[in-house]
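# I'll drop the sequence and a predicted model, then ask my questions.
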Amino acid sequence: MSPTPHNQMILRIKNALVSRLAPLLLGRHPRNTIGSFNYVNVRHVRTFLERQAAALPAHDLVFLDVGAGRSPYRQCFAGKIGRYLAVDVEESLPSNGGGGTGIEYHIGTAESIPLPEASVDVVLFNQVLEHVLDPDASLSEIGRVLKPGGILLGSVPHLSPVHLEPYDFRRYTDLGLRQMLLKHRFTEISIDFSGSVYSSAALLVCMDWMLSRRQPDKPQQFCTGRALLLSPLVATINVLALAGDALLPNSWRSAANLCWFAKKASGI
């Protein structure tokens, strides 16, 4: 049964309100507000990358964003970028080819990066390793395109609801990450934790609220209207979680998110 003109008008008004309110109450990725369900993870990734950017030894660097989508974290490296390359599957890249953004988009995957050997100074690999078909092939390919001494910055969820199905394959501990990076001959590995069990519990509950019920052969849907409606409650939960992290002992066992720094060994 097709919608009536009256129902279509109501739907248009609803969509317009949601599109105007969402940035105000939830923020724009990666500067999500505390009322956003993924505030804990996004804040961790952004602050980690900003800290790493400040420590980079040079300007005019060649960056590669693997699994980039719209490259939301590019802004963390303002002033350090000579070229910014982004690789992802075609359907995840901007439809306009990124015109006017200063980003060079390439169609590819983590397992098959369409760039020459030793051509990149810094690789960003944010929230992607859990989704790739072959983690070993992905890290091998990243090692191939990095220059000797090049830097790999990445992040993965440690505790998270299933999302972006059917391409959500695994979760990592810091021990597993370190093992994989060493296996692929990365050095100077440093792994950063996002907080404690309280932030993780907040993320699990709030993220689960916002994602559609899992159904066979149906992709995840994000419920923006629900996110707006529940944003005051989510903000309260996030504040309590951050207070718990600050006031109570951290066991370093239950972080929601892990970020890492690693270098490609010189001479490889």
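Yep, it's here. Predicted, not measured: the structure shown is a model, and the values here were computed from it.

# sticking with residue 152, tell me its helix or strand.
Secondary structure assignment for residue 152, by DSSP states H and E: strand 146-157.

# what's that strand packed up against?
Where contact means 3 or more Cβ pairs under 8 Å, 6 or more residues apart in numbering; DSSP states H and E, strand 146-157 is packed against helix 39-55, strand 120-126, strand 257-264. Just so you know, the C-beta spots here come from the backbone N, C-alpha and C atoms, and that holds for glycine as well.

# show me where the stretch 151-268 of the chain has strands.
186-193, 257-264 (DSSP state E, counting those that start in this stretch).

# what's the closest of the ones you listed to residue 146?
strand 257-264 (4.4 Å; Cβ to Cβ).

# re the thing from before, which one of the strands of the stretch 151-268 of the chain has the most crowded surroundings?
strand 257-264 (a mean of 23; mean count of other Cβ atoms under 10 Å).

# distance from it to the middle of the chain?
Remark: strand 257-264 is offset 13 Å from the chain centroid, using Cα atoms, centre = their mean, to the nearest Å.

# parallel or antiparallel, which strands does it pair with?
strand 146-157 (antiparallel), strand 186-193 (antiparallel) (DSSP bridges).

# per-residue confidence at residue 59?
With respect to pLDDT, residue 59 scores 87.

# residues touching it, list them.
Counting by Cβ atoms under 8 Å, 6 or more residues apart in numbering, residue 59 touches 79, 80, 82.

# before we move on, back to that, show me the one of the strands of the stretch 151-268 of the chain that comes nearest residue 148.
Of the strands of the stretch 151-268 of the chain, the one closest to residue 148 (Cβ to Cβ) turns out to be strand 257-264, at 6.0 Å.
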